[in-house]
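Novice: All I have is the shape, not the residue letters:
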């Protein structure tokens with residue numbers, strides 16, 4: 001599995017392979033820090049250094065971000081994730097996701113999500129204020 005991490009500005013991209021867990025440096029004019037993505041392998045195992053994160057739990061991944069803002073943010077801060085291509089969900093999976101996301105949106109009305117479009121003019125994404 002490969003994850004591409006990109007700043008919102010899109011100026012830099014980093015590939016991270018789940019079989020070689022390492023921190024990724026993030027630096028732009030607004031933020032400087034690092035992120036670490038911890039993932040289970042496809043067979044359900046995980047690197048031993050992540051025992052306390054995964055042992056006895058069903059989670060598939062955890063993302064940690066640490067850093068400092070170089071300029072004071074104005075307005076709300078959002079966190080989000082985008083998938084680089086169309087999601088291919090079956091009828092049951094798509095319906096289940098829509099129910100879960102509708103429930104999450106009742107808790108946080110400013111949650112925004114999209115399953116994307118077939119032509120990838122809009123990519124699948126989810127974001128919400130911190």
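Specialist: That came through, no problem. Predicted model, so just to flag it, every value in this text is computed and none were measured.

Novice: use CA for all of it now, contacts and neighbours both
Specialist: Will do.

Novice: what pLDDT, on average, does the lengthiest helix in the chain get?
Specialist: Looking across the chain with DSSP state H, the single longest helix is helix 91-107. Rounded to a whole number, the mean pLDDT of helix 91-107 is 93.

Novice: and what of stretch 70-79?
Specialist: Across stretch 70-79, pLDDT averages out at 87.

Novice: Can you give me the end-to-end span of it?
Specialist: The straight-line separation of the ends of stretch 70-79 (C-alpha to C-alpha, to the nearest Å) is 17 Å.

Novice: what does it contact?
Specialist: Among residues not part of stretch 70-79, those counted as contacts by C-alpha atoms under 8 Å, 6 or more residues apart in numbering are 29-32, 127-130.

Novice: where does residue 54 sit relative to residue 124, distance-wise?
Specialist: The span separating residue 54 from residue 124 equals 27 Å under the rule C-alpha to C-alpha.

Novice: of those two, who's got more company?
Specialist: Using other C-alpha atoms under 10 Å, the more surrounded residue of residue 54 and residue 124 is residue 54, with 21 against 18.

Novice: Residue 50 in helix, strand or coil?
Specialist: Reducing the assignment at residue 50 to three states with DSSP: H, G, I helix; E, B strand; the rest coil gives helix.

Novice: pLDDT weak spots in the chain?
Specialist: Along the chain, the parts satisfying pLDDT under 70 run over 1-21.

Novice: picking up where we left off before, can you list the contacts of stretch 70-79 in JSON lines and add distance to residue 61, secondary structure and neighbour count?
Specialist: What follows is these, written out as JSON lines (distance: C-alpha to C-alpha, whole Å; DSSP: H, G, I helix; E, B strand; the rest coil; neighbours: other C-alpha atoms under 10 Å):
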{"residue": "29", "distance to residue 61": "28", "secondary structure": "coil", "neighbour count": "8"}
{"residue": "30", "distance to residue 61": "27", "secondary structure": "coil", "neighbour count": "11"}
{"residue": "31", "distance to residue 61": "24", "secondary structure": "strand", "neighbour count": "16"}
{"residue": "32", "distance to residue 61": "23", "secondary structure": "strand", "neighbour count": "14"}
{"residue": "127", "distance to residue 61": "17", "secondary structure": "strand", "neighbour count": "15"}
{"residue": "128", "distance to residue 61": "19", "secondary structure": "strand", "neighbour count": "17"}
{"residue": "129", "distance to residue 61": "21", "secondary structure": "strand", "neighbour count": "13"}
{"residue": "130", "distance to residue 61": "19", "secondary structure": "coil", "neighbour count": "8"}
